[in-house]
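Chemist: got a predicted structure plus its sequence, pasted below:
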Amino acid sequence: MYQRAYNHRGSGVYGRNRSSYGRRPKRRQSGESKIDIARFINRASPVTTEKYIAQHKFDDFNISETLKVNIKKKNFEEPMPIQDQSIPYLLEGKDLIGIANTGMGKTLAFLIPLINKIINNKSEKVLIIAPTRELALQIDSELKGLTTQLGIFSAICIGGTSIWKQLSNLRRNCNFVIGTPGRLVDLINRGAINLTTFRSIVLDEVDRMLDMGFSKDIKFLIGSLPKQRQSLFFSATVDEKIKTLIREHSNQPVTVSVKTRDTAENVDQDIVRVLDKSKKLDTLRELLIRKDFTRTLIFGQTKHGVQRLMVELNKGGLRAECIHGNKSQSQRQRALSLFKEGKIDILVATDVAARGLDIPQVSHVINYELPKTYEDYVHRIGRTGRANNTGKALTFV
């Protein structure tokens, strides 16, 4: 796959070399990771011109003309598979389970029909639950772009920001309430949100929310809604826990699955062997100064480890910021904006940045520390290779 990237004693080897080519990489020792290292190596399939043939165009859907104009302004022409197949069912008011790889347009798939529902009935209210603050903010941003001139308003309810401002926004009687589970429960307990007035709910990245321990909050939130409602569940994976949740809280849902495989076909995946841990940071620096590393997202495990790594990279003259749970929301948004705008080259993050975020033109994802599960790995590397571009993912072992 890749040639030897560095040769000084004690450092690792980047990809397969003469001594290891063709051999199945060994597992890490017990206690370090249960993921077989071989799963981090995969050649990207060539990006071809063949593409999904949509059955509809956005103009074909029975939605508001103003909404169609807003969709065109966003330069959305033909629906992506999850949008093409989900929107007709959602416009009919059906419950739905949407299964798709990360970066496949799930947000637009549920926003368009729900916005149209509110256009037809301004008393309608929608609750959207996301696992992370960043994803909630991204959904809200997409919503605002689609509701220009429509008089539809939203309230964002997430931790790390002023709850008093959120209380004020909720008094505006917004049609959309978008938030993370913990903050939503807090606001309900304060009497600021009355879920009996909501007739639609979206759970985005359901698998991530359950992994993060939000199961109790999710059940409380869904259980507080009217029984007559439209329930939408979007996820990249659906295990038995999610199936049970859906069975208990939906009404004959339609399943739309456009997932092709666990990892993106156009992400080139490889490993970086580091034989001497004291050389790990030097090895990372050697990679980051290469010309093809134009916009790099680096994942670590802990908040403190991510912070330390960012400081060390900056000391070495590299432009880096970080995102983790100890950062205020304004700090996290600033770092993300700088990265998206190309004002910094490197973003170091915990898994708060692994789900749902649409960051354009990420050339490389580096797993500087191993993910806890293979599912986490899949979502981490899903930040590159988006919009039919080829991306690269490297995992330090």
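Modeler: Looks like it came in fine.

Chemist: surely Cys322 touches Leu347?
Modeler: Yes. Using CB atoms under 8 Å, Cys322 is in contact with Leu347, at 7.1 Å. Placement of C-beta: from N, CA and C, glycine included.

Chemist: between these two, what contacts are shared?
Modeler: Ala335 (CB atoms under 8 Å, 6 or more residues apart in numbering).

Chemist: isn't Glu369 right next to His304, touching?
Modeler: No. Glu369 lies out of contact with His304 (CB under 8 Å); the separation is 11.9 Å.

Chemist: looking at those two, which one has more neighbours?
Modeler: The residue with more neighbours, out of Glu369 and His304, is Glu369; 19 against 11, by other CB atoms under 10 Å.

Chemist: how near is the more buried one to Glu286?
Modeler: Using CB to CB, to the nearest Å, Glu369 is found at 18 Å from Glu286.

Chemist: show me the contacts for Thr161.
Modeler: Arg133, Gln329, Ser330.

Chemist: going by neighbour count, which of the residues you listed comes out on top?
Modeler: Arg133 (23 neighbours).

Chemist: how about that residue, what does it touch?
Modeler: With CB under 8 Å, 6+ apart, Arg133 has these contacts: Ile158, Gly159, Gly160, Thr161, Thr180, Gln329, Arg332, Val352.

Chemist: now tabulate those in JSON lines and tack on distance to Leu91.
Modeler: Formatted as JSON lines, these follow (distance: CB to CB, whole Å):
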{"residue": "Ile158", "distance to Leu91": "29"}
{"residue": "Gly159", "distance to Leu91": "33"}
{"residue": "Gly160", "distance to Leu91": "35"}
{"residue": "Thr161", "distance to Leu91": "33"}
{"residue": "Thr180", "distance to Leu91": "28"}
{"residue": "Gln329", "distance to Leu91": "34"}
{"residue": "Arg332", "distance to Leu91": "35"}
{"residue": "Val352", "distance to Leu91": "33"}
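
Chemist: what's the most distant pair in those residues?
Modeler: Pairwise distances across the contacts of Arg133 peak at 14.8 Å for Thr161 and Val352 (criterion: CB to CB).

Chemist: rewinding a little: inside helices: which ones of the contacts of Arg133?
Modeler: Secondary-structure check on those using DSSP state H: residues within helices are Gln329, Arg332.

Chemist: now the buried members of the contacts of Arg133.
Modeler: Those of the contacts of Arg133 that meet the buried threshold are Ile158, Thr161, Thr180, Arg332, Val352, by 16 or more other CB atoms under 10 Å.
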